[in-house]
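>>> I'd like to go over a predicted model; first the sequence, then the structure.
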Amino acid sequence: MTAFDTAQLGKLVRGVSLRQIRLVCGLVLFTYLVSHFLNHALGNISLDALAWGVHYHVLFWQFLPVAIIFYTAALLHAGLGIWALYERRQFRWKAIEPLQLVLGLSIPALVVAHIAGVRLGHTLFGQTKLYPQVLYGYWVVWPFRVWLILSVLVVAWIHGSIGLYFWLRMKAFFKPAAPFLLAAAVLVPTLALLGLYQGGRSVAKESTSAEWRTTNLSQDKVGTPAEQNVLESITDDFLIGYLGLIGFVLAARGVRALNERRGGMISLSYGNGRTVRVPKGLSVLEASLRHQVPHASVCGGRARCSTCRIRVIGDCAMLPEPSNREAFVLNRVGTGADPAIRLACQLRPETDISFFQIFMPQTAAASGPSHIGEERYLVSMFVDMRGSTKLAEHRLPFDTVFVVNRFLGAVSQAVIECGGQPNQFLGDGQLALFGLATNRQTACRQALKAAAMIAANVDELNQFLQHDLREPIRFGIGIHSGEVIVGDIGYRDHMVFTALGDAVNVAARLQDMTKNLGCEAILSDEVRATAGLAADALPRQEVDIRGRNEPMIVRTVASTNVLSALLDDVKPAAA
């Protein structure tokens with residue numbers, strides 16, 4: 001493995017948090033749950049259909065590599081759930097997050113009898129309990145357990161669906177896909193429960209036959225009374241141990257709270273003059289939630305965004321070191337080298353601190369429709385007018401404003417015609433976004449086409465103003481793509497829809513580099529490849545980007561007029 005590969009692997013590992021591990025394990029378990037539910041739904045057809053489905057279900061999930069992944073995920077997910085019960089002090093969402101945690105912790109207690117009867121019965125005694133045996137037990141022998149197994153199915157499904165919601169709600173596709181996901185979330189468990197009901201009725205009816213009982217209730221399938229006693233004893237011991245563990249964790253929370261209060265209180269001073277007193281050990285975000293201080297946090301305190309960032313005022317030497325996950329996020333947004341910038345959801349100060357929030361929360365309704373933060377892939381384009389300061393030296397202020405507005409108009413016209421959205425106007429520059437309603441390749445091609453059209457529009461503007469300008473208007477363009485957070489940013493009535501993230505910062509820095517590299521545009525190699533341009537279509541160069549550890553491969557464009565011809569030579573791939 002090369003040194004570069006090792007560095008990349010180390011960076012990836014540092015960026016992994018316990019929440020992400022829990023998410024991956026949860027996805028594995030939810031995949032199993034969906035498979036099991038679809039199998040149950042076959043009961044609406046017949047018992048033979050159930051038998052056919054369970055054959056392939058068992059064939060896949062008991063395949064050794066898959067079984068190892070599944071049981072590892074189950075143990076890790078359960079363990080991290082118990083750790084979350086101890087570790088979490090405040091919840092960003094007052095009802096749904098505690099509900100998810102309680103439902104998740106109840107699943108092992110509800111399902112242990114089923115696991116012991118089916119899986120341990122097979123492992124310890126070679127029993128073969130499939131749908132006929134299980135449904136006979138629930139519908140004939142222990143009818144009161146029907147409600148137990150139905151409850152665990154509903155609880156597990158709701159728990160998994162809440163987890164999926166928290167994960168997907170910031171994704172670009174979530175809003176249009178939400179109705180379909182909701183339909184599946186309702187339809188799949190409904191069909192599964194109906195399938196179990198129909199299968200149970202069929203088994204209860206057929207079990208009156210002596211031949212059926214002889215075939216399906218033999219000792220090699222359901223075991224002996226002695227074996228059943230052993231399995232029930234294991235179930236009882238597990239329940240005692242598990243409930244004891246939950247009680248121990250709750251007691252540990254109480255002990256921690258007492259120790260924190262005995263260890264002293266600290267003061268957190270906000271930039272607006274408010275000060276709160278909290279026990280040591282709370283994160284800044286948890287303190288804000290506890291005292292109902294508005295604090296931006298798009299991801300809900302999961303260290304998946306940087307919107308809860310704060311700037312600590314004064315000496316930072318007494319602050320605890322950032323965790324691997326916090327350092328990863330701060331490095332992604334280019335603030336890892338500044339010890340005063342921290343994530344409020346991760347920082348747990350031990351001494352009094354003063355700080356101000358970098359992103360103020362929306363505390364009052366904006367005049368227009370609100371856009372909550374969501375994570376999506378966009379192409380960011382920064383365009384800057386060259387020489388505007390020199391231009392202003394020889395013109396009246398209103399004349400300078402007129403020329404700058406004509407330039408920004410020429411840029412905006414090109415962006416809009418190519419399918420982009422002018423987003424921010426920064427003096428004589430502009431940020432434009434592509435991909436708000438298109439796929440990745442289309443967004444990259446739109447951005448390159450817009451760059452070519454900007455050149456054409458500026459040429460026309462130079463012709464129009466040739467008698468008023470001492471020299472033609474020049475410009476620089478930086479283009480980069482990647483995952484960003486888009487949403488309304490600002491305060492009260494001064495909210496603007498914009499994008500935040502590494503891709504936006506890199507695009508701005510590429511635009512700055514056009515001055516030193518003597519070209520009109522610089523685009524990242526990712527944009528070039530995604531747009532479908534050939535590897536040798538544009539000059540290749542490695543550059544150092546401030547805030548990034550590794551050099552970045554970019555493509556320089558001496559004259560953006562050539563981009564239109566390059567795009568015409570490439571047919572876009574089918575979406």
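Okay, I see it.
>>> give the buried residues for the helix or strand encompassing Gly244.
Assessed by DSSP states H and E, Gly244 sits inside helix 225-262. Neighbour counts using 16 or more other C-beta atoms under 10 Å place 227-228, 230-231, 234-235, 238, 242, 246, 249, 256, 260 of helix 225-262 among the buried residues. The way it works is simple: take the backbone N, C-alpha and C, and place the C-beta from them, glycine included.
>>> now those residues in JSON lines, with distance to His57 and pLDDT?
Below are the buried residues of helix 225-262 laid out as JSON lines (distance: C-beta to C-beta, whole Å; pLDDT from 0 to 100):
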{"residue": "Glu227", "distance to His57": "24", "pLDDT": "90"}
{"residue": "Gln228", "distance to His57": "24", "pLDDT": "90"}
{"residue": "Val230", "distance to His57": "26", "pLDDT": "93"}
{"residue": "Leu231", "distance to His57": "22", "pLDDT": "92"}
{"residue": "Ile234", "distance to His57": "24", "pLDDT": "94"}
{"residue": "Thr235", "distance to His57": "23", "pLDDT": "93"}
{"residue": "Phe238", "distance to His57": "24", "pLDDT": "94"}
{"residue": "Tyr242", "distance to His57": "26", "pLDDT": "94"}
{"residue": "Ile246", "distance to His57": "31", "pLDDT": "94"}
{"residue": "Val249", "distance to His57": "34", "pLDDT": "93"}
{"residue": "Arg256", "distance to His57": "43", "pLDDT": "83"}
{"residue": "Glu260", "distance to His57": "48", "pLDDT": "72"}
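>>> tabulate these in TSV, adding columns for distance to Arg213.
Formatted as TSV, the buried residues of helix 225-262 follow (distance: C-beta to C-beta, whole Å):
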residue	distance to Arg213
Glu227	18
Gln228	17
Val230	23
Leu231	21
Ile234	26
Thr235	25
Phe238	30
Tyr242	35
Ile246	40
Val249	45
Arg256	56
Glu260	61
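>>> follow-up on the earlier one: starting at the chain centroid, how far to the helix or strand following the helix holding Gly244?
For helix 225-262, the following helix or strand on the C-terminal side (DSSP H and E) is strand 265-269. Distance, stretch centre to chain centre, for strand 265-269: 31 Å (C-alpha atoms, centre = their mean, to the nearest Å).
>>> C-alpha coordinates for strand 265-269, CSV please?
Extracted in CSV, the C-alpha atoms of strand 265-269 (Å, rounded to 0.1, in the frame of the first residue of the first chain):
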residue,chain,number,x,y,z
MET,A,265,-20.7,24.0,37.3
ILE,A,266,-19.3,26.0,34.5
SER,A,267,-20.6,29.1,32.7
LEU,A,268,-21.2,29.3,29.0
SER,A,269,-21.5,32.8,27.7
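>>> list the helices and strands that strand packs on?
Under the contact definition 3 or more C-beta pairs under 8 Å, 6 or more residues apart in numbering; DSSP states H and E, strand 265-269 sits against strand 275-279, strand 353-357.
>>> what does the helix or strand that the first one is followed by rub up against?
For strand 275-279, the following helix or strand on the C-terminal side (DSSP H and E) is helix 284-290. Helix 284-290 has contacts (C-beta atoms under 8 Å, 6 or more residues apart in numbering) with 89-92, 268, 276, 278, 282, 293-295, 297, 301, 308, 310, 342, 344-345, 347-349, 355.
>>> at 10 Å what do you get?
Applying C-beta atoms under 10 Å, 6 or more residues apart in numbering, the external contacts of helix 284-290 come out as 88-92, 94, 266, 268, 270, 274, 276-279, 282-283, 293-297, 300-301, 308, 310, 312, 342-349, 353, 355, 357, 361.
>>> avg pLDDT for it?
Summarised as a single mean, pLDDT over helix 284-290 is 87.
>>> residue boundaries of the strands in the stretch 401-550 of the chain?
Assigned by DSSP state E, counting those that start in this stretch, the strands in the stretch 401-550 of the chain fall at 421-426, 429-434, 474-491, 494-500, 521-524, 540-543.
>>> could you check the angle strand 421-426 makes with the longest one?
Here strand 474-491 runs at 90 degrees with respect to strand 421-426, directions being taken by axes from the mean of the first three to the mean of the last three C-alpha atoms, to 10 degrees.
>>> pick out the residue closest to the middle of this structure.
Trp167 (5.0 Å; C-alpha atoms, centre = their mean).
>>> hang on, it packs against Gln100?
No. Here Trp167 does not reach Gln100: they are 11.7 Å apart, not a contact under C-beta atoms under 10 Å.
>>> mutual contacts of the two, please.
Joint contacts of Trp167 and Gln100 (C-beta under 10 Å, 6+ apart) do not exist.
>>> where does pLDDT dip in the chain?
For the chain, the stretches with pLDDT under 70 are 1-17, 90-94, 272, 360-374, 388-396, 398, 490-494, 570-575.
>>> surely Glu460 and Ala410 touch.
Yes. Applying C-beta under 10 Å as the test, Glu460 and Ala410 come out as touching, 7.4 Å apart.
>>> neighbour count: these two, which is higher?
With neighbours defined as other C-beta atoms under 10 Å, Glu460 and Ala410 compare such that Ala410 has more, 25 against 11.
>>> what number of residues lie near the closest residue to that one other than its chain neighbours?
Closest residue to Ala410 apart from its sequence neighbours, by C-beta to C-beta, 6 or more residues apart in numbering: Asn457 at 3.8 Å. Residues near Asn457, counting by other C-beta under 10 Å, number 20.
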